[in-house]
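In: Pasting the sequence and the predicted model now:
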Amino acid sequence: MKSFFSAAMTVLLFVSTVAVAIFVPQGEADAASYSFVATDDLYTKNGTVVTNDDSNLHVRESKDAKVTYLKFTVSGVVGAVNSAILRLKVTNPGDAHLRVYAGTSNVWSESNTASLPAAGALIASDDANYAHNDTVAIDVGSYINNNGTYTLIIKGANGVSDLAFKSSEAASDQPTLAIQTFGTADVSPPAAVADLGNVTPAAKSFYVNLNWTAPGDDDTLGTAAAYDLRYSTSPLTPANWGSATDVPFEPAPAAAGATQQLTVSGLTPSTTYYFALRTTDDAGNVSGLSNVVTATTAAPTCDVVVEPITAAAPSNIYDATAVPGGSVICLRNGDWVSLRLMNVNASPGANADAPIQVINYQDETGDGLVNLVSTDRDYGIKIENSRFLQLTGTGSDNYEYGIQISAQKAKALGLQVKSLSTNYEIDHLFLHDMTNSSQGMLLKNDPVCDVSDLGHWTQYNTTVHDNKFDHIGMEAVYLGDSFYSNGEPNTSCHGGKVKPNPLEGVRLYNNIVNYTGWDGLQVGSATKDVEIHHNTITQFSKANYHFERSGIQINPGTTGKLYNNWIQDGLGAGINFQGRGANDVYNNVIINPSDAGIWVQAYTNATDPVFDHAPIHFTNNTIINPGSYGIEMLNTDASEVTFRNNIVVLPGRNSTFTINDDKGLLQTGTKDYSKVDAAANWATDHNLFTASYEVPGFADYVGNDYRLTSASALAIDKGRDAGAHGVVSDFAGNARPQGGAYDIGAYEYMP
């Protein structure tokens, strides 16, 4: 019999923590932060005092010259001042070119304006262009270095531009002085783990168990912040650490001395692996490399063989209740009608948390393909009430996608995973010729509305990778619930709605999607630890169905990272983003969407305001020829949103450009490069907007090669450092930056 399980697979993780502790930040123990609101403030207009103008202060150099005066009383500060930042909330945009001076006395007040001080020494300058709701932050630490009373005088230096900001009479966002004192910096890294071990009870063909003793935050004390576990088929060293395979879903570190365990699944049989980990503390200190542990997976086995199912339900059911954890369920090659797989790892037992693998199987007479061609079934494969499961099509050298599904009945599903299923991995499936059907993969649990409903249940660690989709009637992948913000409609529930199940831990990557009727990929209610990356999506939303028109749709409740995706030639927006906040969207290449490159809307949940208002960062994306805006920003709820280092190209438009002074966004004719709602808290800078394919100096825009070249003078080293938002490499995997600064766009220039 020919060997199967030969293709490389990616990990599915199952985590067990023996001891858990509450995280306590370490280091910076002596540092302190203080905040002081201005005790007095006013401004003068042509030398005449204006104490209050609708709770605003103004600065302008000439034409009704306006000068602002601020007084702060600093008291109770203990220790040396590290920094002092003046913060002002902008109410009227402009570029007044601020100059901050020290007042020559402090005897004035709002009720005693007869002795306003003169401007003394220049403390700080700021020439930025500010938008409505921006926060001006000016370092005045050279002047304010101890307890005392201080007067700051602010003037303009660029002609007639008027800048206004809130005064101390405003209900919120008053002028504030933020002071930070020095502390004892945390420079002590966690101790290196010395006892990483392989504790797999017996040699397994596709997974190993690892355990170790948790180190501390500072050497062996406290609780660290995060683990970084990796593996390779070559011995691991600090030199090759960067090229090792990163393991997702590592557990959070427990208190120092606790034993922790992790199951790494999706491995290749008969292969020797080398594992190691590093630990990071809250100050960013990284431990040394742990000891390197070696584990060799066993030869491929079939603990259970399921014969091809060709009859109608209920004979298409395979109940895996009796299959113990750690087993391999083999699907014999051949033509199948459908498969209903139930109760995988559903029964507790000695090895209940060990994964079970379901894989295509190549016998002596076949080529290894499990081919499901269903013309009258509601699904190709349905998985119910299952956990710690990997469904993979890697069982034959003859096929990259050894499980193939074509569900041709109207509204049929290719693959459905439901009914309390969690902790699963789906990879190397090919779903095709389903234009009369609905979703390629529907991966969600439908909540019900009694007191024990699934709304109190969480789906953990869902991984969907290296699958192929071609001609799908609706979405290729529908993962999670779309109704996180308001509840899923259910007429049998009180109030007509029910709370969706959250998903924690999602990895959706390396999937190829060509031609969908609705969205390419859709993810919702994924509330923690989400990464969607390296997917290729073309010819999306061809049915042109309203509200289902995007390459990738991020539904409410979702927070995480969306990066390195290629989205091309579809109807609607390249990315329809309705996320929860605390999102990073970067290194995506979006070509020829009929609507916006990225369309951003707000959907809030009253019970979850922190995330709903958290920042969203759109960084280093390349957007080519969108039908309307490069980015259309309609989310007025998120704060401190940024749009930086992006390239937006709209060829063939009106070449007469205008500047929207409120936001500094370049526009052309009736088609804008980006649109921002006037009330949004938004910052945009270091972007390249152009109506010409030639201007960015792409390698070959005719052939959709948008790498930078030596002709990309307007993009090379013209970006802003984005490492804080996770942008440390480009679309091609090259490290950023390559030169003196970040480049603009999805690609970093490589000479």
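Out: Arrived safely, thanks for sending.
In: Tell me where the stretch 1-150 of the chain is predicted with low confidence.
Out: Residue ranges of the stretch 1-150 of the chain with pLDDT under 70: 1-30, 51-54.
In: same check, this time on the chain
Out: Ranges of the chain meeting pLDDT under 70: 1-30, 51-54, 160, 183-185, 312-313, 348-352, 450-456, 494, 651-682.
In: center of it - which residue?
Out: K561 (1.4 Å; Cα atoms, centre = their mean).
In: Quick check: that residue touching N587?
Out: No - applying Cβ atoms under 8 Å, one finds K561 not in contact with N587, separated by 10.0 Å. For every residue, glycine as well, the C-beta is placed using N, CA and C.
In: what are the bridge partners for the residue nearest to the centre of the chain, then?
Out: Beta-bridge pairing for K561 (DSSP bridges): E531, D584.
In: who's in contact with it?
Out: By Cβ atoms under 8 Å, 6 or more residues apart in numbering, the contact set of K561 is 530-533, 583-586, 726.
In: 10 Å - rerun?
Out: 529-533, 582-587, 725-726 (Cβ atoms under 10 Å, 6 or more residues apart in numbering).
In: Give me the distance between it and F618.
Out: From K561 across to F618, the span is 12 Å (Cβ to Cβ, to the nearest Å).
In: anything in contact with each of those two?
Out: Common neighbours of K561 and F618 (Cβ under 10 Å, 6+ apart) are 583-586, 725.
In: sorry, back to before: so which of the contacts of K561 would you say is closest to K411?
Out: Checking those against K411 with Cβ to Cβ, the nearest one is I532 at 26.1 Å.
In: mind listing the helices for the chain?
Out: Assigned by DSSP state H, the helices in the chain fall at 609-612.
In: Give me the neighbour count for P609.
Out: By the measure other Cβ atoms under 10 Å, the count of residues near P609 is 12.
In: Surely F36 is in contact with L152?
Out: No - contact criterion Cβ atoms under 10 Å: F36 and L152 do not qualify, at 11.8 Å.
In: on that earlier part again, the shared contacts of K561 and F618, buried ones only, as a ChimeraX selection?
Out: Of the shared contacts of K561 and F618, the buried ones can be selected in ChimeraX as follows, counting by 16 or more other Cβ atoms under 10 Å:
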select :583,584,585,586,725
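In: what's the first-to-last distance across stretch 103-113?
Out: Counting by Cα to Cα, to the nearest Å, you get 14 Å between the two ends of stretch 103-113.
In: Leaving out sequence neighbours, find the closest residue to the residue in the chain sticking out farthest from the centre.
Out: Distance from the centre of the chain peaks at A114, with 55.2 Å (Cα atoms, centre = their mean). Excluding the flanking residues, the one nearest A114 by Cβ to Cβ, 6 or more residues apart in numbering is W108, at 7.8 Å.
In: what do K561 and N587 both touch?
Out: 533, 726.
In: one step back: need the max-distance pair from the contacts of K561.
Out: Using Cβ to Cβ, the contacts of K561 span at most 19.3 Å, a distance reached by D529 and N587.
In: still on that earlier bit, among the shared contacts of K561 and F618, which one lies nearest to L221?
Out: H725 (31.2 Å).
In: what lines up beside the strand of greatest length in the chain in the sheet?
Out: Secondary structure assigned by DSSP state E gives strand 81-92 as the longest strand of the chain. Paired strands of strand 81-92, with direction, are strand 135-139 (antiparallel), strand 163-166 (antiparallel), strand 176-181 (antiparallel) (DSSP bridges).
In: Could I get the CA-only coordinates of the shortest one as CSV?
Out: What follows is strand 163-166, C-alpha atoms only, in CSV (Å, rounded to 0.1, in the frame of the first residue of the first chain):
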residue,chain,number,x,y,z
LEU,A,163,-6.6,76.9,15.1
ALA,A,164,-9.1,76.4,17.9
PHE,A,165,-9.2,73.9,20.7
LYS,A,166,-11.3,73.3,23.8
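In: Distance check, the residue farthest from the centre of the chain against A65.
Out: Per Cβ to Cβ, A114 is found 20 Å from A65.
In: ok now do E748, which residues does it touch?
Out: 587, 620, 707-708, 715-716, 719, 727, 729-739, 742.
In: Now which of those would you call buried?
Out: 587, 620, 707-708, 715-716, 719, 727, 730-731, 736-738, 742.
In: so which of those comes closest to N46?
Out: G719 (42.3 Å).
In: sorry, back to before: now flag whichever of the buried ones among the contacts of E748 is closest to V78.
Out: Once Cβ to Cβ is applied, the member of the buried ones among the contacts of E748 that ends up nearest V78 is V727, at 37.9 Å.
In: Next, work out how far apart that closest one and A741 are.
Out: According to Cβ to Cβ, V727 stands 13 Å off from A741.
In: quick one: common contacting residues for those two?
Out: By Cβ under 10 Å, 6+ apart, the residues touching both V727 and A741 are 645, 719, 721.
In: from the residues you listed, which single one is nearest G520?
Out: Closest to G520, out of all of the shared contacts of V727 and A741 and judged by Cβ to Cβ, is N645, at 24.5 Å.
In: List the contacts of the nearest residue to that closest one once chain neighbours are set aside.
Out: Residue nearest to N645 in three dimensions, not counting chain neighbours: G719, with 4.0 Å by Cβ to Cβ, 6+ apart. Contacts for G719 (Cβ under 10 Å, 6+ apart) come out as 619-620, 644-646, 685-688, 727, 736-737, 741-745, 748.
In: and if you look at N316?
Out: Per Cβ under 10 Å, 6+ apart, neighbours of N316: 309-310, 336-341, 374, 377, 379, 381-382.
In: tell me the contacts of the closest residue to V247 other than its chain neighbours?
Out: Counting by Cβ to Cβ, 6+ apart, the nearest residue to V247 once its immediate chain neighbours are dropped is L229, at 4.4 Å. Residues in contact with L229 (Cβ under 10 Å, 6+ apart) are 11, 13, 193, 196, 210, 212, 244-251, 262, 264, 275-279, 290.
In: Also L429?
Out: 360, 370, 372, 380-381, 391-393, 401-405, 414-415, 440-441, 464, 466-469, 511.
In: tell me which residues form a beta bridge with it?
Out: The partner residues for L429, given DSSP bridges, come to I403.
In: Starting from N583, give me the distance back to it.
Out: Note on L429: its distance to N583, by Cβ to Cβ, is 28 Å.
In: ok, now C330?
Out: 40 Å.
In: Ok, Q568 next?
Out: 22 Å.
In: What is the burial count for I359?
Out: Neighbours of I359 (other Cβ under 10 Å): 28.
In: And the one 4 residues further on, by the same measure?
Out: For D363, the count of nearby residues is 16 (other Cβ under 10 Å).
In: does it really touch L369, like I thought?
Out: No - the pair D363 / L369 is not scored as a contact, 11.6 Å apart, by Cβ under 10 Å.
In: Which neighbours do these two have in common?
Out: Here D363 and L369 have 333-334 as joint contacts, going by Cβ under 10 Å, 6+ apart.
In: one step back: CA atoms only: put the longest strand of the chain into PDB for me.
Out: Extracted in PDB, the C-alpha atoms of strand 81-92 (Å, rounded to 0.1, in the frame of the first residue of the first chain):
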ATOM      1  CA  VAL A  81      10.100  64.700  35.700                       C
ATOM      2  CA  ASN A  82      10.700  62.500  32.700                       C
ATOM      3  CA  SER A  83       8.300  64.200  30.400                       C
ATOM      4  CA  ALA A  84       5.600  66.900  30.400                       C
ATOM      5  CA  ILE A  85       3.200  67.000  27.500                       C
ATOM      6  CA  LEU A  86       0.600  69.700  26.800                       C
ATOM      7  CA  ARG A  87      -2.500  68.200  25.200                       C
ATOM      8  CA  LEU A  88      -5.100  70.300  23.400                       C
ATOM      9  CA  LYS A  89      -8.300  69.000  21.700                       C
ATOM     10  CA  VAL A  90      -8.900  70.600  18.300                       C
ATOM     11  CA  THR A  91     -12.300  72.000  17.500                       C
ATOM     12  CA  ASN A  92     -11.500  74.000  14.400                       C
END
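In: list the buried ones in that strand?
Out: For strand 81-92, the buried set under the neighbour-count rule, 16+ other Cβ under 10 Å, comprises 81, 84-91.
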